[in-house]
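**Q** I would like the atomic coordinates for the input below:
(chains A, B, C and D, ligands or ions: 2)
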Amino acid sequence: MDIDPTKILVRYNVQKEKAQTPDQMAAEMYPKDEPAKSIAKAIFEGEEDDVIEGLEKAIEKGANPIKLIDDVLMPGMKIVTDLYDQGVVFLPNVMMSADAMLEGIEFCKESAGSAPKPKGKVVCHVAEGDVHDIGKTIVAALLRSAGYEVVDLGRDVPVDEVIAAVKKESPMMLTGTALMTTTMYAFKEINDRLLEAGIKVPFQCGGGAVNQDFVSSYQLGIYGEEAADAPKMANAILAGKGLAQLKDMFHKH
Amino acid sequence: MDIDPTKILVRYNVQKEKAQTPDQMAAEMYPKDEPAKSIAKAIFEGEEDDVIEGLEKAIEKGANPIKLIDDVLMPGMKIVTDLYDQGVVFLPNVMMSADAMLEGIEFCKESAGSAPKPKGKVVCHVAEGDVHDIGKTIVAALLRSAGYEVVDLGRDVPVDEVIAAVKKESPMMLTGTALMTTTMYAFKEINDRLLEAGIKVPFQCGGGAVNQDFVSSYQLGIYGEEAADAPKMANAILAGKGLAQLKDMFHKH
Amino acid sequence: MVKRYTSMAYKNADDMIFGTAVHPVKAELGLEVGAGYVTAEVNYAPRPEAGVSKEKLVSEYRKLTTDIVARAVQIGFPAVSLETEHVEQMTNNPSWGGEIAHVQKTILEEYHEEYGIKCGLRHTPGDIREDRDLLALIGDKYDTLMESFEAVADGGADFLSIETMGGKEILDYAVLRNDVPGMIYAIGCLGGMDMEMIWTDIKKIADKKGRIAAGDTDCAQANTAMFIAGGLLDKNLAHTLAILARVLAGSRTLVGYEAGAQGPGKDCGYENTIIKSITGCPIAQEGKSATCAHADVMGNLTMQVCDLWSNESVEYHGEFGGTSVQCWSQTLNMDAALMNTAIQTGNAKVLRDMMALSDKYRDPQGYILAYDNAFKVGQAIVKDGNDLYLRAKNAVTETIKILEASKKEGKLIMSRFEQNALADAKASVDALTNEKDTFMSDSLAKYKAEVKVFRPETNYKW
Amino acid sequence: MVKRYTSMAYKNADDMIFGTAVHPVKAELGLEVGAGYVTAEVNYAPRPEAGVSKEKLVSEYRKLTTDIVARAVQIGFPAVSLETEHVEQMTNNPSWGGEIAHVQKTILEEYHEEYGIKCGLRHTPGDIREDRDLLALIGDKYDTLMESFEAVADGGADFLSIETMGGKEILDYAVLRNDVPGMIYAIGCLGGMDMEMIWTDIKKIADKKGRIAAGDTDCAQANTAMFIAGGLLDKNLAHTLAILARVLAGSRTLVGYEAGAQGPGKDCGYENTIIKSITGCPIAQEGKSATCAHADVMGNLTMQVCDLWSNESVEYHGEFGGTSVQCWSQTLNMDAALMNTAIQTGNAKVLRDMMALSDKYRDPQGYILAYDNAFKVGQAIVKDGNDLYLRAKNAVTETIKILEASKKEGKLIMSRFEQNALADAKASVDALTNEKDTFMSDSLAKYKAEVKVFRPETNYKW
Ligand code: B12
Ligand code: B12
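**A** Ligands and ions are numbered 1, 2, ... in the order given. I've put the predicted structure just below:
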């Protein structure tokens, strides 16, 4: 028995694939000048060694290592995340590019003997009782790729620890992940405890079990549908958006 | 293509059918003496004319028509409802027997020129906005067969009307039926309005959409799983059971 | 006057198959029904809270529509159809239903454009023609109902359906009393009369707006009987009587097609196999993947000759696997994929027969609705197709005959109780007149006396 | 030492069929699995509120167990099996799980006695062996886990299962980095080592208590990869890599059987077709009627050779058609009825092939798991059955080979992206050593450096 599958199913992913390859699309986005171009390419390909090599050359030629972070590494990474947002490259590419970029940043910091001011700090965690942490890991990676400093509290994090970390780190934003209907209620408690303490940090919540209706039920909550919404929200906060505006932006349902 | 169905399914109803026929089982339950025996048989068979004929004979022989109701008609009907409870006869038999019995009662009342004190009065209704009334019709029929007076408010009954009817009729029990998740909330409102008015009538609620958890959430509510629970609960009320005891009896889940 | 069916669309029962109908129909966005493949038809109900305002309701339907099509694309399904069964507010306020149809159609258009997925949309206004305990089939509510059909047709609904209620005041009484002549009167005669009126008007609207008058279902009567009959161990109605209500529905629901409906017939019309055998129009059906909505004893069998495959209804809420509409739509689409594979590999009849056989002997209802027997019932109906009474009576007589004959074969084992109910039914039908007029006037007199909510003068066009 | 599989239980892929296994197993209440018929295995999760106390939890399981069996009897299903996947409290407090098993078994006994319905009960304690971010595979938690197995066996559970997590600390890292050697190390090597330890002990308990050590699933790793891979349009992991995780799971999950497990293998083990081809033990599977729990791209295909047919999990709540467990159990049972009809009418292979074909070309995952290809993967595993590393690597190599070869046939159309991921995987696997020891020590060094939560010394028996 055999079949002509085109009569019974459609591989929409194949149909929708862009004519250009990711490499071609990335190439069009690389900066014109060297070594920025090679570094961007090395980031795209996730080749740490090539990133460092490029940076070394640039510094030799007199570039300011700290300026390289903002002017070369971050825009190079942005090519990758933009292509991810467009559905052209997949998550592992982002992860590997981020690894390469982060090594580059380390190298620049060492070369400069000083650290740049990060764009902002975000605390990430998985709800108490919940071990499903891959979504959180992705969120953290995408935030880092976008230039944010991430304090990753890990999974199964007691409410007390979340509150303590927020007090200690004063982040611009807090994220929570929960994949079980039993664990997501911790988010409400975190919200209440934060408000009690007078802390109005935007608290983006996502993960399989979580939905917008639930997140809307507590004041600081903003629903995050997919991991890429986390850096988007951080950017929006930097751009001065308040809680109400953030809800407006991210509550699409 | 054909199949031996015994390999793929089991008709448990056929398997479980009692060796005796319903007629045989009923026959064993009829009273010994005439005309009680013939009348019971006529009720079982749903033959109004035979019921009346039997009653006429009894009255001719000097029986008290009102006593006949309690001593002959009600026990005759009880044979049918007992067999229904045991799963031996089906609902239409009960409905038709009840029709016959009720005609018999009418006849006795006319003959006596007076009415017996009914066992108790029950108000039945279907929730506002809901037209699904067959469950309610069955409940009302089974209550009548068990000797209760039923005030049937029909379907799609506004809360105000239910409250007014309870105030007017002072029933020993109220029933509500709802088959839609949208309509059952009216029961809560009825509960609150009754309590406001200081009326603590047991309020049995059932129907497709309704479940025990929901009914447990308001004070007067007692869950009714199947129609046969309605006369059972009325009997329990007559036997002096209060709300807490009724919940104990009928909340099996 | 409508054009009665007096012959069968199929020569043999064996010619009937899922996915293909003699007269396929075509929706706007590429979807064809009955044209050689089976498609899922997804049904849903808004959460109770969503009913409080028009805005909330629109937003609820927007969400669930997106959920369904998005999931279809994720799993690679080539087509999907949606059915919106109105909640009462949407029909009583025709503009609500119309706006929701429009919002849904717009989403389907977007996905059709972006991915090429074929889409269909059915709207089923509620039969609002009643007044507390009384039916109000003709009058103001009728006019509002027709406005609702116009509005959803304007909004973009491809398929127009309704579950009409004519005859129900009598059926509700008769069915609890094993009264088979009453069932014939309720379903076959009164139901048919009401359908003739309303479907003539729906067809006009469909033609005017370029939409498809799809078809009705005897939900209000035959399904009521089926649900009262319940599972194998329920004791509220003999299943041998429930199937009589169903075959009567075959005669009744046919009237919609006689007035111009073209299918796909409504999912919950378990009489649709009979309808398809007579009309050759495509049908929707529901069964094992509609357990979210109800339990029946023929979950595979109903797939046997379906063209759309439905879940009947599920409340919109979250499940571990996504929202309820996503879950059920995926299950339906997978069932459809299996049927389409059977078609493409030349095994459709094998699969059809397995589906039918898996339930045929589970219950008298499945036995009669198995396509071979359903076909015979169809033949009995068209034999006297011009006489609503006689053809209904024929359907019952034929059904009793088939069930009696089954005893020889010995595969459908009926309980003694079911057999007795059948014998009683036979006796009462055998005693019936063959004259429509006699039957109609006798019944009118009888039920005016016995059923206090019966209002024949104001509800039916005599 | 466990006894490794170095040959196949079936001569040909075509000999494999649903409902029949080479080595059927028998539960206490009449149910046989793999003995010629397919049975529904119903899964459920208590509502969150029910977790607050032991009493509430017991009552929740009492209700849902009754619901399921009662519905099965109503529709005439000859058998039903239940699986209780523990919530954490039930494993951490062994007496809770034990009592729940007892309450459930008692209900099953009552129905079995009254109706003769065949019943089975599986309990699956949670793998509680972890400590926040760290695995804690050996130690106190292990002891509690074994107590839990003893308790549920005492309580009456026929089938003992678990979803073990060995290797997951590496997989979670590797899978997000397209790191195929890391996946081999995580699933094939570490996962296999952990399973050898735990299943040897579970088997002892099963033997002592007269229960059946049923089997494991690589839920923690292969399913994680499958979910990250998601639908056709998701962009988190190439589906060509997700299937590599899956075939690795074939090598890993096999270890349970090597330690004495007899099946039915756990429902969510999509590697089970491979397992059945090697062991001949019966398997549970899930697919199109488990959409309540998750979405996958092979809903019919997984039915191809199943012996139990499961819905994976559904939260206990109300639906229009009854409680959620009643709805899904009925759908499953109807699917089973169709398969059993196919068996009885001699059409099992036709149905099997239609199920497989309906999804085989939907996705690279379905392509490899189609029973013919899965059989080839099985052969690749047993070829070096004595070497956990080599057989895992073989599974990957064979899979890549089959996928590459598929291009000629031209029916499975992979996206360029999927093809590239496959090519990269091939390059990295081709570069690997054939020496287990070299691979193990290289990997140990690499991941100790890269994965900060990796604790090889305390978690694995070297
Ligand atoms: C038959 C039926 C109808 C018939 C009703 C006929 C009638 N006179 O009742 C008709 C066709 C008219 C109908 C109409 C509609 N229906 Co309707 N209908 C059904 C159906 C198929 C069966 C219901 C039934 O009769 N069951 C048999 C009876 C005997 O059961 P029961 O009432 O539950 O009673 C038993 C017990 O509950 C108990 N009981 C009942 N009450 C009480 C009270 C007490 C005190 C006690 C002790 C026991 C008790 O006793 C009985 C026997 O033991 C159900 C399907 C389902 N899954 O339930 C849908 C269903 C109830 N209907 C539904 C819908 C949506 C509608 C419509 C809105 C459809 C439309 N779009 O027009 C309209 C409703 C209009 C309105 N405003 O009400 C939905 C409700 C969904 C929801 N939101 O909750 C259902 C669930 C179908 C579905 N799956 O979507 N329907
Ligand atoms: C993989 C998996 C596991 C793995 C987890 C591995 C890991 N490190 O995470 C393992 C095997 C360990 C596991 C264990 C268990 N699991 Co589990 N698991 C799953 C599964 C199959 C996939 C989850 C997954 O990884 N998805 C992919 C990731 C990428 O998705 P995600 O996390 O949702 O993240 C995406 C978005 O939500 C978003 N996002 C996430 N967080 C955030 C935050 C922000 C700010 C933003 C913007 C976005 C965002 O970004 C991501 C990508 O866009 C699901 C099935 C399902 N239907 O979800 C069950 C599931 C979640 N598990 C379940 C269960 C029951 C369990 C166990 C209890 C099983 C048992 N009996 O032992 C244990 C849990 C133990 C515990 N205490 O937590 C149930 C939960 C049911 C419930 N009650 O709600 C599910 C739903 C399975 C089921 N159908 O029953 N599981």
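
**Q** how close does the closest residue to C:Thr20 other than its chain neighbours sit to C:Leu121?
**A** Nearest residue to C:Thr20 in three dimensions, chain neighbours excluded: C:Gly36, at 5.5 Å (C-beta to C-beta, 6 or more residues apart in numbering or on different chains). Bear in mind the C-beta positions are built from the backbone N, C-alpha and C, glycine included. For C:Gly36, the distance to C:Leu121 (C-beta to C-beta, to the nearest Å) stands at 21 Å.

**Q** for A:Gly154, same thing?
**A** Taking C-beta to C-beta, one finds A:Gly154 at 47 Å from C:Leu121.

**Q** So these two - more neighbours on which side?
**A** C:Leu121 (26 against 17; other C-beta atoms under 10 Å in any protein chain shown).

**Q** So that one: helix, strand or coil?
**A** With DSSP: H, G, I helix; E, B strand; the rest coil as the basis, C:Leu121 sits in strand.

**Q** how much space between it and C:Ile187?
**A** 29 Å.

**Q** List the contacts of residue 7.
**A** Just going to use chain A. By C-beta atoms under 8 Å, 6 or more residues apart in numbering or on different chains, the contact set of A:Lys7 is C:Tyr37, C:Asn340, C:Gln344.

**Q** that's the wrong chain, I wanted chain C
**A** Contacts of C:Ser7 by C-beta under 8 Å, 6+ apart are C:Val382, C:Gly385.

**Q** Could you do A:Asp152 as well?
**A** A:Cys124, A:His125, A:Lys136, A:Ala140.

**Q** pretty sure the second one is in a strand, no?
**A** Yes. Counting by three-state DSSP, A:His125 is found in a strand.

**Q** Which pLDDT value does the model give it?
**A** Looking at A:His125, its pLDDT is 98.

**Q** how about the helices in the stretch 151-253 of chain A?
**A** Counting by DSSP state H, counting those that start in this stretch, the stretch 151-253 of chain A has helices at residues A:159-169, A:186-196, A:212-216, A:229-238, A:243-250.

**Q** what number of residues lie near the residue lying closest to C:Lys461 once chain neighbours are set aside?
**A** Leaving out its chain neighbours, the residue that sits closest to C:Lys461 by C-beta to C-beta, 6+ apart is C:Met197, at 5.7 Å. The number of residues packed near C:Met197 is 18, by other C-beta under 10 Å.

**Q** Repeat that for C:Val429.
**A** 17.

**Q** Assumed it was part of a helix.
**A** Yes. Assigned with three-state DSSP, C:Val429 falls within a helix.

**Q** residue contacts, the nearest residue to C:Leu301 once chain neighbours are set aside?
**A** Spatial nearest neighbour of C:Leu301, chain neighbours left out: C:Asp359 (3.7 Å); criterion: C-beta to C-beta, 6+ apart. C:Asp359 sits next to C:Val297, C:Met298, C:Gly299, C:Asn300, C:Leu301, C:Gly366, C:Ala370, D:Ala337 when contact means C-beta under 8 Å, 6+ apart.

**Q** ok, so of those residues, who is nearest ligand 2?
**A** Sorting the contacts of C:Asp359 by distance to ligand 2 puts C:Gly299 at the head of the list, at 23.3 Å, by C-beta to the nearest ligand atom.

**Q** Surely that closest one is in a helix?
**A** No. Assigned with three-state DSSP, C:Gly299 falls outside any helix and is coil.

**Q** Looking at the closest residue to it other than its chain neighbours now. What's its pLDDT?
**A** Once flanking residues are discounted, C:Gly299 sits nearest to C:Lys288: 3.1 Å by C-beta to C-beta, 6+ apart. If you check C:Lys288, the pLDDT there is 98.

**Q** Below-threshold pLDDT in the stretch 151-253 of chain A: ranges please.
**A** In the predicted model of the stretch 151-253 of chain A, no residue satisfies pLDDT under 70.

**Q** Write out the residues of it neighbouring chain D.
**A** Residues of the stretch 151-253 of chain A found near chain D (C-beta under 8 Å from any C-beta of the partner chain) are A:Gly154, A:Arg155, A:Asp156, A:Val157, A:Thr181, A:Thr182, A:Tyr185.

**Q** Try it again at 6 Å.
**A** A:Gly154, A:Asp156, A:Thr181, A:Thr182 (C-beta under 6 Å from any C-beta of the partner chain).

**Q** One more: the stretch 1-150 of chain C?
**A** Near chain D, when you scan the stretch 1-150 of chain C using C-beta under 6 Å from any C-beta, you find C:Gln74, C:Ile75, C:Gly76.

**Q** which residues touch the residue nearest to C:Thr6 when sequence neighbours are not counted?
**A** Nearest non-adjacent residue to C:Thr6, counting by C-beta to C-beta, 6+ apart: C:Gly385, 3.9 Å away. Each residue near C:Gly385 by C-beta atoms under 6 Å, 6 or more residues apart in numbering or on different chains is listed here: C:Arg4, C:Tyr5, C:Thr6, C:Arg391.

**Q** between these, which has the most around it?
**A** C:Arg391 (25 neighbours).

**Q** so who does that residue touch?
**A** C:Arg391 neighbours (C-beta under 6 Å, 6+ apart): C:Ser251, C:Ile381, C:Asp384, C:Gly385.

**Q** Could you check how many residues crowd around the third one?
**A** For C:Asp384, the tally of surrounding residues (other C-beta under 10 Å) stands at 20.

**Q** Does it touch C:Ala395 like I think?
**A** No. Using C-beta atoms under 6 Å as the test, C:Asp384 is too far from C:Ala395 to be in contact (9.9 Å).

**Q** What are the buried residues along stretch C:103-115?
**A** Neighbour counts using 16 or more other C-beta atoms under 10 Å in any protein chain shown place C:Val103, C:Gln104, C:Lys105, C:Ile107, C:Leu108, C:Tyr111, C:His112, C:Tyr115 of stretch C:103-115 among the buried residues.

**Q** Among these, which one lies nearest to chain D?
**A** C:Tyr115 (9.1 Å; C-beta to the nearest C-beta).

**Q** Kindly provide the distance from A:Met96 to A:Gly46.
**A** From A:Met96 over to A:Gly46 (counting by C-beta to C-beta), the distance is 3 Å.

**Q** Beyond the helix or strand hosting C:Leu244, next helix or strand please.
**A** Element membership of C:Leu244 [criterion: DSSP states H and E] is helix C:239-258. Note on helix C:239-258: by DSSP H and E, the next helix or strand toward the C-terminus is helix C:272-279.
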